[in-house]
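Trainee: model this:
(one chain, ligands or ions: 1)
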Amino acid sequence: MTTTILDGKRTAELTRNALLDTISQLTQSGHTPGLAVVLVGNDPASRVYVNSKVKACEQLGIYSQKWVLSAETTQTELLDLIHKLNEDPRIHGILVQSPPPSHIDETEVIRHIDPRKDVDGFHPVNVAKLVLDDPSGFVPCTPLGCMELLKTYGIPTVGKHAVVLGRSMIVGKPMASLLVGKESNATVTIAHSRTEGLEEVCRSADILVAAVGKPQLVKASFIKPGAVVIDVGINRVRDASSPRGYRLVGDVDFPNVQPLCSAITPVPGGVGPMTIAMLMSNTVKACRQISGC
Ligand code: NAD
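Mentor: Okay, here's the model as predicted:
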């Protein structure tokens with residue numbers, strides 16, 4: 001079977017290019033989109049993510065603020081900053097990099113972000129808007145990126161059986177909501193760590209989205225021939241032959257699964273690059289909605 005590789009790098013570039021005109025028009029009318037990224041503590045992976053988000057803003061002409069707070073920052077101090085950012089007219093999107101140190105109550109922090117600026121789509125108001133099919137809400141960037149890949153490659157979803165593997169609030173649940181929603185009209189099954197007969201459930205999928213965090217859990221025996229496979233997983237596995245001592249793999253056993261699929265995302269270079277592109281898109285959307293432009 002000929003398999004289409006769903007190229008996230010290329011699709012993210014198309015998304016960014018499509019945003020450039022809007023950003024320039026907004027800037028000319030005095031409403032430059034602005035994103036504040038807040039990092040508490042010095043987790044090295046989080047630092048890398050935060051820096052790449054700020055860099056993406058710079059490349060597109062989006063104003064950005066990077067707040068790096070010490071690991072000892074209190075909940076009250078963090079909430080004070082969130083309240084300031086809520087009031088700052090230069091800022092349209094606020095993102096608190098996850099995970100914060102354990103003394104910070106992340107759920108509470110998210111509830112203090114103005115939902116109009118919640119470009120991560122984690123605030124309960126935005127979760128509700130997603131379920132309500134209200135397009136003014138913000139959808140978490142990773143599932144939004146998966147949908148953008150399906151759209152860009154013209155993959156039909158209407159009436160298809162989609163299986164979403166994983167039920168997190170960041171990926172699995174919003175992904176299932178998008179697929180079952182009015183725009184996609186798929187029939188959706190959510191599978192998770194307690195699902196019985198996982199392999200069989202997955203094998204019934206026309207579209208399989210894996211968001212589990214278990215390296216290469218999805219084997220060839222999980223795949224219906226001709227299925228579309230979206231691999232959200234990013235897992236480090238030891239690899240002595242790599243200069244870094246590890247390599248990145250997804251939740252899907254790509255070499256063995258790929259020949260069975262009609263389309264599949266690679267890891268890296270699939271869903272990953274889409275996530276930041278969708279964050280930029282959400283920031284521009286927030287700017288338009290807040291400024292009324
Ligand atoms: P999570 O740990 O919050 O959720 C994992 C889900 O998988 C849970 O719902 C759990 O029930 C399910 N699960 C665990 N073990 C299972 C098993 N053996 N069988 C079936 N289901 C099982 O993870 P998450 O935040 O949703 O992330 C999932 C993966 O996606 C991770 O590898 C993460 O790094 C990656 N991720 C990638 C991006 C990106 O930009 N590409 C963004 C977010 C997360």
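Trainee: near the ligand, which residues of the stretch 51-200 of the chain show up?
Mentor: 142, 165-168, 170-172, 192-193, 198 (Cβ under 6 Å from any ligand atom). Backbone N, C-alpha and C define where each C-beta goes, glycine included.
Trainee: just the buried members of those?
Mentor: Of the members of those, the ones counted as buried by neighbours, 16 or more other Cβ atoms under 10 Å, are 142, 165-168, 170-172, 198.
Trainee: all strands for the stretch 1-150 of the chain, in order.
Mentor: 4-5, 34-40, 63-69, 93-96 (DSSP state E, counting those that start in this stretch).
Trainee: Mind listing the strands the last one pairs with, and their directions?
Mentor: It refers to strand 93-96. Strand 93-96 pairs in its sheet with strand 34-40 (parallel), by DSSP bridges.
Trainee: Could you export the buried ones among the residues of the stretch 51-200 of the chain next to the ligand to CSV, including columns for distance to T73, secondary structure and pLDDT?
Mentor: What follows is those, written out as CSV (distance: Cβ to Cβ, whole Å; DSSP: H, G, I helix; E, B strand; the rest coil; pLDDT from 0 to 100):
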residue, distance to T73, secondary structure, pLDDT
T142, 26, helix, 98
L165, 35, strand, 98
G166, 30, coil, 98
R167, 31, coil, 98
S168, 25, coil, 98
I170, 22, coil, 97
V171, 27, coil, 98
G172, 30, helix, 98
L198, 41, helix, 98
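Trainee: What lies in contact with stretch 20-37?
Mentor: Applying Cβ atoms under 8 Å, 6 or more residues apart in numbering, the contact partners of stretch 20-37 are 50, 53-54, 57, 60-67, 85, 88, 90-95, 97, 119, 279, 283-284, 286-288, 291, 293.
Trainee: thinking again about what came up before, between the strands of the stretch 1-150 of the chain, which one is closest to G226.
Mentor: When the strands of the stretch 1-150 of the chain are compared for distance to G226 using Cβ to Cβ, the nearest one is strand 4-5, at 11.5 Å.
Trainee: What is the distance between that closest one and the centre of its chain?
Mentor: 20 Å (Cα atoms, centre = their mean, to the nearest Å).
Trainee: which helices and strands sit right next to the helix or strand P273 falls within?
Mentor: Assigned by DSSP states H and E, P273 belongs to helix 271-291. Counting by 3 or more Cβ pairs under 8 Å, 6 or more residues apart in numbering; DSSP states H and E, the packing neighbours recorded for helix 271-291 are helix 8-28, strand 34-40, helix 44-60, strand 93-96, helix 141-152.
Trainee: Can you say which of those is nearest to G213?
Mentor: helix 141-152 (12.4 Å).
Trainee: What residues sit buried inside the closest one?
Mentor: Neighbour count says helix 141-152 has 141-150, 152 buried, by 16+ other Cβ under 10 Å.
Trainee: Can you tell me which of those is closest to the ligand?
Mentor: T142 (4.0 Å; Cβ to the nearest ligand atom).
Trainee: OK, contacts around that closest one?
Mentor: T142 neighbours (Cβ under 8 Å, 6+ apart): 170-171, 175, 211, 232, 271, 274-275, 278.
Trainee: Distance check, it against V237.
Mentor: Look at T142 and V237: by Cβ to Cβ, to the nearest Å, they are 21 Å apart.
Trainee: Touching, I82 and I94? I think so.
Mentor: Yes. Here I82 reaches I94: they are 6.7 Å apart, a contact under Cβ atoms under 8 Å.
Trainee: which of these two has more neighbours?
Mentor: I94 (29 against 22; other Cβ atoms under 10 Å).
Trainee: Tell me what the more buried one is bridged to.
Mentor: Beta-bridge partners recorded for I94 (DSSP bridges): A36.
Trainee: residues contacting it?
Mentor: 35-36, 38, 82, 85-86, 113-114, 117-119.
Trainee: Cross those residues against helices and list the overlap.
Mentor: 82, 85-86 (DSSP state H).
Trainee: Need those residues in TSV (columns: pLDDT).
Mentor: Shown next, in TSV, are the ones in helices among the contacts of I94 (pLDDT from 0 to 100):
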residue	pLDDT
I82	98
L85	98
N86	98
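Trainee: so which of the residues you listed would you say is closest to the ligand?
Mentor: I82 (22.0 Å).
Trainee: residues contacting the closest one?
Mentor: Per Cβ under 8 Å, 6+ apart, neighbours of I82: 38, 94, 96, 109, 112-113.
Trainee: and the two most separated of those?
Mentor: With distances taken as Cβ to Cβ, the most widely separated pair in these is V38 and H112, at 11.6 Å.
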